[in-house]
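Student: Whatever this is, show me its structure:
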Amino acid sequence: MSNDPWSNLDKVDQKIIEILNKNARTPSKEIATELRKSGHDVSDRTIRKRIERLEKSGIIKGYKAVLTDVSESNEYEALFMKLKPSKSLDSVKDSIKDFVIKLPNYLFIANLEGDWNILIVMKVEAEDSDPTQKIIEKFSEQVIDYRVSDFDVANVNLLNMSLLLL
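Tutor: Here you go, the predicted structure:
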C-alpha cells in the first residue's frame with residue numbers, strides 16, 4: 001500500500017467523502033443507508049470508524065460552515081494569455097501571479113505548455129462583471145494575445161479536485 005492516504009481510498013470511502021461534502025452533518029446512520037442503496041453492506045458503526053480513520057489520516061481535516069453565496073453567481077471566467085517571448089518570461093509570469101493572487105475572486109492560476117502561457121480562472125461577481133479585464137490592462141505590454149471564456153460549474157468531483165493540491 002502507498003504512503004499517500006488518498007491512494008488507499010475505496011469506493012465506500014469515496015462515497016462517504018462525497019456525502020459529507022454535500023452535508024458534513026449527515027448522520028452515520030443516514031450515510032450507511034445511502035451506501036446500502038448503492039450495494040455496499042455497511043453499518044452505521046462501520047461508517048463512524050471509517051470517518052474516524054479518514055480524520056486521523058488527514059484526508060478529512062475538519063468541518064466548516066458553508067455560507068450561502070452572497071453574489072448568487074455561478075459564473076466564472078477563464079483567461080488564457082499568450083505572452084511575448086523574452087528572457088524575462090519567468091519574471092513576467094511571476095509578476096502576473098503576484099498580481100492575480102491578490103484579487104479577491106481569483107480561483108487559480110496555472111502555467112501552460114503550448115500555444116498559451118498562462119490560464120487564470122476567476123469567479124464573476126455582480127459588482128465586478130469582468131474580473132479578467134484588470135489583468136489584461138495591467139499586463140498589456142507583455143501580452144501578445146488572450147482569450148476569455150465564460151463558463152459555469154455544474155458538477156465538480158471534489159475528491160479529484162483535492163488531488164490537485166497534493
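
Student: measure Val148 to Pro131 for me?
Tutor: 10 Å (CB to CB, to the nearest Å). Just so you know, the C-beta spots here come from the backbone N, C-alpha and C atoms, and that holds for glycine as well.

Student: And for Glu18?
Tutor: 30 Å.

Student: circling back: pull up the overlap in contacts between Val148 and Pro131.
Tutor: Counting by CB atoms under 8 Å, 6 or more residues apart in numbering, the common neighbours of Val148 and Pro131 are Glu77.

Student: More neighbours: which of those two?
Tutor: Using other CB atoms under 10 Å, the more surrounded residue of Val148 and Pro131 is Pro131, with 22 against 17.

Student: which one is that one nearest to, not counting chain neighbours?
Tutor: Met122 (4.1 Å; CB to CB, 6 or more residues apart in numbering).

Student: Can you verify my assumption that the one you found contacts Asn105?
Tutor: Yes. The criterion here is CB atoms under 8 Å, and Met122 meets it with Asn105 at 5.3 Å.

Student: Those two: who's more crowded?
Tutor: Taking other CB under 10 Å, Met122 and Asn105 do not tie; Met122 has more neighbours (25 against 16).
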